[in-house]
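1. mind folding the following:
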Amino acid sequence: MPKRSNEFQRLIKRIYEQLANSGSGETVKESEMIADVSTGVLREVDVLLEREVFGHKVRIAVECRSRNRKNKSGKRKQSVEWIDQLKGKYSTLPIDKVIAVSESGFTENARLHAQHSKIELVTIEEANEMDWPTQFHKFRLFTFAFSKDVKPRTMQLRFKSKSNRIIDLPLNTIIYDDSGKEVTTLSNYGKRLFDDNHVKMFQFLESEYSNERLLEEFPNEVDLREKVITVTMTEKPDHRMFVSDHDSTFLEIIEFGLVLDVSFQVDEVPLTHHVVANALVTQGDSIAILPSGVRFTMIQSTYKPNQATYWWESETAIQVTTYSPTAKSAIDVSQNDPLA
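-> This next block holds a predicted model:
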């Protein structure tokens, strides 16, 4: 029998993984098959939690119901019928405790019936600004691209001389060939340099400015939106070129440098925050990072206040990272293709 899973069930498994105490022997398994003690038939448990207590293995079953059925208010609370189903299912399974998790909540009758059936109910509650748990880190997510509105500031030239110095010159400065003929201006040369190399420049920026470096240089949202990066594109001439200085002496150019001011295009990804048991779940979706979409999930627990785990999920890949939230990492920045 193939194992079944869904997004909500996978989320609940991740929450309990985050709640588990490392080194305690606690395990979290999804879609686990347990044999019925009366018939021997295998039954599926959405999420199975196991640990040793005083030398005895304790098993807790977690059953999950997402918002797959809706009423006029946008969601349908789980009723007594589901509690009855769970009560019957687990009456002959070797399980010590049952937890029922509903994304849409429970009716009052379901709550009363669960109390008498010794089934613990867990709901997902939205965390707003008023009831934000103080022990949790407030997380915001941004996507950025280096703006296509790149502004040339000046041209720098390096000359063939004993000082090998770099000099800034006006953009209307005339460039000559080795016969003394006017070839072009610094402005036109800089435009050609940029047009020929701007793709390489963006590739260079993306390789140089990793998420970690961005967080170091732009620790808050205002910095990210308002600061400008200065970049110099360099090129050595393929034939001899000269400019004339103030005393009409011709200086040979050995390197051009186009100085550019590069800004960011920044967009905040809308996030939802929910409290589940002793965990805070933050989720968001973005098509800016990948056209097919990326789902972001972050889970923090009261048992591990200085640790958070987050997942990046696309159609083809999942990336998992565990880190310690700090004030500096309050903004996570994800690059997207500036030329797409």
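2. thought F8 was touching V47?
-> No. The criterion here is Cβ atoms under 8 Å, and F8 misses it with V47 at 10.7 Å. In short, each C-beta sits where N, CA and C put it, glycine included.
3. break this protein down into its structural domains.
-> What automatic domain parsing lists as the domains of the chain is 7-126, 129-149+263-340, 151-254.
4. how close does the nearest residue to K160 once chain neighbours are set aside sit to L258?
-> Nearest non-adjacent residue to K160, counting by Cβ to Cβ, 6 or more residues apart in numbering: E252, 4.2 Å away. Using Cβ to Cβ, to the nearest Å, E252 is found at 19 Å from L258.
5. so what touches stretch 243-253?
-> 157-161, 169, 173-176, 180, 186, 237, 240-242 (Cβ atoms under 8 Å, 6 or more residues apart in numbering).
6. what residues of it count as buried?
-> For stretch 243-253, the buried set under the neighbour-count rule, 16 or more other Cβ atoms under 10 Å, comprises 243, 251, 253.
7. wait, a strand at the first one?
-> It stands for V243. Yes. Counting by DSSP: H, G, I helix; E, B strand; the rest coil, V243 is found in a strand.
8. which pLDDT value goes with it?
-> Per-residue pLDDT puts V243 at 91.
9. repeat that for G284.
-> For G284, the predicted pLDDT is 89.
10. check which helix or strand covers the spatially closest residue to E235 that is not a sequence neighbour.
-> Once flanking residues are discounted, E235 sits nearest to F256: 5.0 Å by Cβ to Cβ, 6+ apart. Per DSSP states H and E: F256 is located in strand 250-262.
11. please state the offset of that strand from the chain centre?
-> Here strand 250-262 is found 38 Å from its chain centre; the criterion is Cα atoms, centre = their mean, to the nearest Å.
12. quick one, helices of the stretch 201-340 of the chain?
-> 211-217, 221-226 (DSSP state H, counting those that start in this stretch).
13. which of the ones you listed has the lowest average pLDDT?
-> Among the helices of the stretch 201-340 of the chain, helix 211-217 carries the lowest mean pLDDT (a mean of 68).
14. now, among the buried residues of stretch 243-253, which is nearest to L86?
-> L86 lies nearest to I253 out of the buried residues of stretch 243-253, by Cβ to Cβ, at 80.0 Å.
15. any figure for the gap between the closest one and N109?
-> The gap separating I253 from N109 is 85 Å, by Cβ to Cβ.
16. ok so L121 is a strand residue?
-> Yes. Assessed with three-state DSSP, L121 lies in a strand.
17. hmm, H113 is touching I83, no?
-> Yes. The criterion here is Cβ under 8 Å, and H113 meets it with I83 at 4.8 Å.
18. those two: who's more crowded?
-> I83 (25 against 20; other Cβ atoms under 10 Å).
19. where's the more buried one, which helix or strand?
-> helix 80-90.
20. by contact count, what packs against that helix?
-> Other elements packing on helix 80-90 under the criterion 3 or more Cβ pairs under 8 Å, 6 or more residues apart in numbering; DSSP states H and E are strand 56-65, strand 97-102, helix 108-117, strand 119-126.
21. partner strands of the helix or strand that the last one is followed by, with direction?
-> Think strand 119-126. Note on strand 119-126: by DSSP H and E, the next helix or strand toward the C-terminus is strand 140-146. Using DSSP bridges, the strands paired with strand 140-146 are strand 264-269 (antiparallel), strand 331-335 (parallel).
22. these: lowest mean pLDDT?
-> Looking at the strands paired with strand 140-146, the bottom one is strand 331-335 with a mean of 44.
23. count of residues packed around the closest residue to T321 other than its chain neighbours?
-> Leaving aside its chain neighbours, T321 sits nearest to Y310 (5.7 Å; criterion: Cβ to Cβ, 6+ apart). By the criterion of other Cβ under 10 Å, Y310 has 20 neighbours.
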